[in-house]
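In: Build the 3D model from these lines:
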Amino acid sequence: MNDPSDTYEDIINLPHHVSRIHPHMTLEERAAQFSPFAALTGYEAAIDKTRRRAQQELEEDPFTRRPYH
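Out: Down below sits the predicted model:
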């Protein structure tokens with residue numbers, strides 16, 4: 001039972017399964033399933049907008065404005 005060659009002995013020579021319901025996927029379709037995607041679409045733009053707004057508020061507020069050297 002601990003011999004690695006016995007692990008799949010009962011199924012190793014079976015024919016490859018071919019679905020009768022689902023058509024075969026092209027290489028492009030299969031690759032698309034594993035390609036990275038932007039889960040947070042628009043997140044970077046929202047962060048940049050908030051950063052610009054906060055920076056502008058700091059620059060316009062006389063109490064937070066730092067003197068230039």
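In: where are the low-confidence patches of the chain?
Out: Within the chain, the ranges that satisfy pLDDT under 70 run 1-2, 4-5, 64-69.
In: State the distance from Asp3 to Glu9.
Out: 9 Å (C-beta to C-beta, to the nearest Å). (Each C-beta comes from the backbone N, C-alpha and C, glycine too.)
In: what does Glu60 give?
Out: Distance from Glu60 to Glu9, by C-beta to C-beta: 75 Å.
In: cool, Ala31 as well?
Out: 33 Å.
In: same deal with Phe34?
Out: From Phe34 to Glu9 the distance is 31 Å (C-beta to C-beta).
In: Which one of the two is surrounded by more residues?
Out: Glu9 (9 against 6; other C-beta atoms under 10 Å).
In: Name the helix or strand for His17, please.
Out: Per DSSP states H and E: His17 is located in neither a helix nor a strand.
In: What about it, how many residues nearby?
Out: 5.
In: Got phi/psi on it?
Out: phi -70, psi 130 (degrees, to the nearest 10).
In: Kindly report the same for Ser35.
Out: The phi/psi pair for Ser35 (degrees, to the nearest 10) is phi -80, psi 150.
In: And for the one 3 residues further on?
Out: In terms of degrees, to the nearest 10, the main-chain angles of Ala38 are phi -90, psi 100.
In: residues near it, how many?
Out: That count, for Ala38 with other C-beta under 10 Å as the rule, works out to 8.
In: Does Glu28 lie in a helix or a strand, and which?
Out: helix 27-34.
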